[in-house]
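>>> what would the 3D arrangement of this be:
(chains A and B)
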Amino acid sequence: MKQRTTQVVAALVLLAVGLACQDRATTEPGIKALTPVLRSVTALPAASATLGAVPGQQVALPNYVDPILASVTISGLTYMTSHDSSYYVTCAGPVDGAGIHNSTGNAQCSMSAQISYPLPGRVGLGGSGAGVCTNPPQSRDSWTGIMILQGAGSALRGGGVLEPEYQCGAAPCHTYSGEQTFIVQPLGVEINTLTPGSQVVGPKTIMVPQPGIWTLFIASATPDTISGFQVPVKATSWQWIPDVAPGTSTVPCTNLNLCSAYINEPGRMVLTAQVNGVEQVDIVTVVRGRVKIVPDQPTMKGTIILDGPLYFYRHEISKQFISVSVVDANGAVIPFSSVDLTQTPTENTAGHLHIGNKPVGLLDSVTSKTVNTGLTGIRKVEFQAPEVSGPVTITGESSGAATDSASIDIGIFGLQLLSAGPGYALEGDNGWHPDNHWVTGDHKAKLQMLAALYSIRWPAGLRYNDSSLPRGGLFDWDVEHTPWTTPHGGHREGQNTDLKIIADAAIGYHALTPGQKAVVRVIWIDSLKQAIGIEGNHYHLRPRRADEK
Amino acid sequence: MKLLTILGLVFVAGPVLHAQATGTNLTVDVTIKSIAVRGDTMGLTYVVLNKATSRDPLLRFAVDAPAGVKSIPLPQPATSYFVLGTYQGRPMAEWMFLDFLAPGATSIPVYFESVGLPAIATHWAGGDDPPVDESVADSTSEDPLKYHAVAGKTVGVEPWPVDKSAKALIARLKTLTQTSCATPLKWITASSLCTKLLGYLTTAETNRAAGKVTLAKSSMATYIKSLAGKTAGTFATGVTSPAYWLLKTNADIVVSKL
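Model prediction:
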């Protein structure tokens, strides 16, 4: 990335050289490569000012009371036209912010463009002295730098070429035009509280220290440096909020960036700070222990519940145990801890691209619950998988303890994608279920065999609709009316596929004749030893059940 | 409890369903047109009549082929027929009449080849058996041949026996003759002929055992001649096509082994 940026800058330089007053090679004094500006998290607003070509002109830039880390960009060009009789320097073309070097007259950079703040002083392309500006001048139309700014700022235009008019027949020896734009963009940086020396048990979560140990909190930012500059952070308050008031902790912190506190109990340390000029709040949670959620298995099949008369009776409840505990800093379980358990689905997974109300299964037969870890400190909770596939995250929260969660991936693993092939096409995919042709290896082979044999006689072949989703499970084809419910009851394990038997004029598909349907059946049933049902406009291709004669 | 209920329904409804099973309201006559012997391979040609008394058009005709199906050419025009060499993994010659054979109609000759000896085999004839509508209730599929076709006996091919000697083949032919004459087949209705045929085989075996090959062959020739009618292509009185082709072909093979 850096190499690419350098190449772009080099290309701009080469292009600009061709437009300069005189055709000669130049150096690049003072130029800085463009530094990518950070995505603004929380930042002060940007400011801009336009500086005309009048020598010595200046315009105001924002006044920053406290130091601010900002990106400053100067863009645009001025143009200088010299009288035929001028003697000091001659030019007829663009001049960038570095200005043009006048070695014959006052030996300075004329027409430079700079920003000026008490901190860091005057910066930009321009300046004085050989090597900063050149003659002929350069024509770089953009310059960006990262810097700390403080105080009242301004954009400055350097002086013109001080050549007496008498040398040019009483006419101005040099005239100027054009303008440059100055943009000051303070950078957005997030607050971050550091806790060196503490036992971190989660994001912004640390353990209560051992008795007698002080906890150090430091107001900082993420990142804490940019382009080598320390991000300005100024704490304005530290507030300790114990989980159970009143606490016994000692927090002798005011508005310093360092806070050394004596923490005795779980609670929250709330830091308020100016981060690069923007007030932000950060919270570090201090806990007595941490919850542990440990499932017996990271994956499991989904539950299958099908009832008659629409479906052949199947109640296959998929269960496993989840171990729930709270452990202290040494990993020892804390008996009689109360833990709130909740389940969260992972949306847009397992082939379901429709969100909201995705089933999450049951914990001890309910959707969420609070358990006590009891004398042993470990409670086994029975988790019943939902019928819908996809990861479910089980989260345990306990007062004074860091939260933990575990994800259990639910579904059938190892299904294969059925792609369109010789003798058959696929259909039925939609925005809700774009991946609707996942099957077992055996079912795939049989579908392909059926199509191959059928298409020998009728090359137009067959059209297969919905098999199973990538991870199997409940296939709620009618999302619009009955999301997460049971139509397509059989299409859960990659062994059921629908076959179109009616005409579809839109795609030039003809209804299967009685003879064609008979051939489908004789191949599927007689040859491949499978079973067929009919569901309105399609055949339902499936394996034979063990109970079938 | 639920399972018991389901089983109960099956017991109550089963016999009724089978009595009215789709595809079974038909009766067929299966005629053997010829059996061609090429080395160890038999080529059998059948013609099927869907009797006028049938109510179902005929869709499928299948013959058990325990010796395997060596070839089963597709009848023409190809769009009107479909053939398979196995049924759910079991060797079987199966023809589908895609235009359906109406009651009273006779099929074109259908043919298959198998390596083995002509033997008594089961055939099935079935009408259309459309799938059950699962949009109302989940279905329970049934074996189409077992529950949606009518079974009968015809001539098929069984694997060559391990003992291919003339003695063994004569004994086998004797059994086939007895079976053809007896119920339920009754492929030979003239009991006197049956007695004669068995006598010819006994004589042939006696002569063969005595080393009198010429006399044995003579007895077999008489056996074969007794099956045929007075004119070419006809059978003796009381001999049906399956009896003729089953016994005649096996007798020819016995002769070739003497």
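>>> any regions of the stretch 51-200 of chain A where pLDDT drops low?
A:105-106, A:124-131 (pLDDT under 70).
>>> can you give me the helices for it?
With DSSP state H, counting those that start in this stretch, there are no helices along the stretch 51-200 of chain A.
>>> which stretches in it count as strands?
Applying DSSP state E, counting those that start in this stretch to the stretch 51-200 of chain A gives strands spanning A:58-75, A:78-82, A:92-95, A:100-102, A:108-110, A:113-117, A:121-124, A:142-157, A:174-178, A:180-186, A:190-194, A:200-202.
>>> of those, give the one that comes closest to residue B:73.
strand A:200-202 (74.5 Å; C-beta to C-beta). Every residue, glycine included, has its C-beta placed from N, CA and C.
>>> what's downstream of the closest one, the next helix or strand?
strand A:205-207 (DSSP states H and E).
>>> contacting residues around that next one?
Contact with strand A:205-207 is made by A:195, A:198-201, A:215, A:284-290, A:328-329, A:402-403, as judged by C-beta atoms under 8 Å, 6 or more residues apart in numbering or on different chains.
>>> pLDDT below threshold where in chain A?
In the predicted model, chain A carries pLDDT under 70 at residues A:1-41, A:105-106, A:124-131.
>>> for chain B, what are the nearby residues on it?
A:308-313, A:457, A:489-490, A:513-519, A:521-523, A:525-527, A:529, A:531-536, A:539-540, A:544-545, A:547-549 (C-beta under 8 Å from any C-beta of the partner chain).
>>> from those residues, list the buried ones, please.
Among the residues of chain A next to chain B, the ones that count as buried by 16 or more other C-beta atoms under 10 Å in any protein chain shown are A:311-312, A:489-490, A:515-519, A:521-523, A:525-527, A:529, A:531-535, A:539-540, A:544.
>>> quick check: helices, which of those are part of them?
Those of these mapping onto helices are A:515-519, A:521, per DSSP state H.
>>> return the closest of the residues you listed with respect to chain B.
residue A:515 (3.1 Å; C-beta to the nearest C-beta).
>>> leaving out sequence neighbours, find the closest residue to that closest one.
residue B:98 (3.1 Å; C-beta to C-beta, 6 or more residues apart in numbering or on different chains).
>>> so which residues of the stretch 51-200 of chain B form helices?
Using DSSP H, counting those that start in this stretch, helices in the stretch 51-200 of chain B cover B:144-147, B:166-181, B:191-209.
>>> out of those, which is closest to residue B:123?
Closest to residue B:123 of those is helix B:144-147 (C-beta to C-beta; 9.9 Å).
>>> by contact count, what packs against the closest one?
On a contact count with 3 or more C-beta pairs under 8 Å, 6 or more residues apart in numbering or on different chains; DSSP states H and E, helix B:144-147 meets strand B:117-126.
>>> what's opposite the closest residue to residue B:66 other than its chain neighbours in the beta bridge?
Spatial nearest neighbour of residue B:66, excluding adjacent residues (C-beta to C-beta, 6+ apart): residue B:158 at 5.4 Å. With DSSP bridges as the criterion, residue B:158 is bridged to residue B:117.
>>> verify the stated contact: residue B:158 with residue B:121.
Yes. Using C-beta atoms under 8 Å, residue B:158 makes contact with residue B:121 at a distance of 7.4 Å.
>>> settle it for me: which of the two has more neighbours?
A direct count of neighbours by other C-beta atoms under 10 Å in any protein chain shown for residue B:158 and residue B:121 places residue B:121 higher, at 23 against 18.
>>> how's the chain carved up into domains?
Just so you know, I chose chain A. A:2-186, A:190-286, A:290-410, A:416-543 (automatic domain parsing).
>>> think we crossed wires, I meant chain B
Using automatic domain parsing, chain B is parsed into the domains B:18-158, B:166-257.
>>> deepest of these, which one?
Across those, averaging neighbours per residue (mean count of other C-beta atoms under 10 Å in any protein chain shown) puts domain B:18-158 on top, at a mean of 19.
>>> what about that one, average pLDDT?
Mean pLDDT, domain B:18-158: 92.
>>> centre of the chain versus that domain, how much separation?
10 Å (C-alpha atoms, centre = their mean, to the nearest Å).
>>> what of stretch A:66-86?
On C-alpha atoms, centre = their mean, the centre of stretch A:66-86 falls 37 Å from the chain's centre.
>>> equivalent analysis for stretch A:443-460, please.
Worked out by C-alpha atoms, centre = their mean, stretch A:443-460 lies 45 Å from the chain centre.
>>> do the same with stretch A:495-509
With C-alpha atoms, centre = their mean, you get 41 Å for stretch A:495-509.
>>> buried set for it?
Buried-residue list, stretch A:495-509, by 16+ other C-beta under 10 Å: A:495-501, A:509.
>>> so what's the closest residue to chain B within the stretch 101-250 of chain A closest to, chain neighbours aside?
Per C-beta to the nearest C-beta, the residue of the stretch 101-250 of chain A with the smallest distance to chain B is residue A:202, at 48.1 Å. The shortest distance from residue A:202 to any non-neighbouring residue, by C-beta to C-beta, 6+ apart, is to residue A:402 (4.3 Å).
>>> so that neighbour sits in a strand?
Yes. Assessed by DSSP: H, G, I helix; E, B strand; the rest coil, residue A:402 belongs to a strand.
>>> before we move on, the earlier item: would you format the strands of the stretch 51-200 of chain A as JSON lines with mean neighbour count included?
Putting those into JSON lines (neighbours: other C-beta atoms under 10 Å in any protein chain shown) gives the following:
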{"stretch": "strand A:58-75", "mean neighbour count": "19"}
{"stretch": "strand A:78-82", "mean neighbour count": "21"}
{"stretch": "strand A:92-95", "mean neighbour count": "19"}
{"stretch": "strand A:100-102", "mean neighbour count": "25"}
{"stretch": "strand A:108-110", "mean neighbour count": "26"}
{"stretch": "strand A:113-117", "mean neighbour count": "24"}
{"stretch": "strand A:121-124", "mean neighbour count": "17"}
{"stretch": "strand A:142-157", "mean neighbour count": "20"}
{"stretch": "strand A:174-178", "mean neighbour count": "17"}
{"stretch": "strand A:180-186", "mean neighbour count": "21"}
{"stretch": "strand A:190-194", "mean neighbour count": "20"}
{"stretch": "strand A:200-202", "mean neighbour count": "16"}
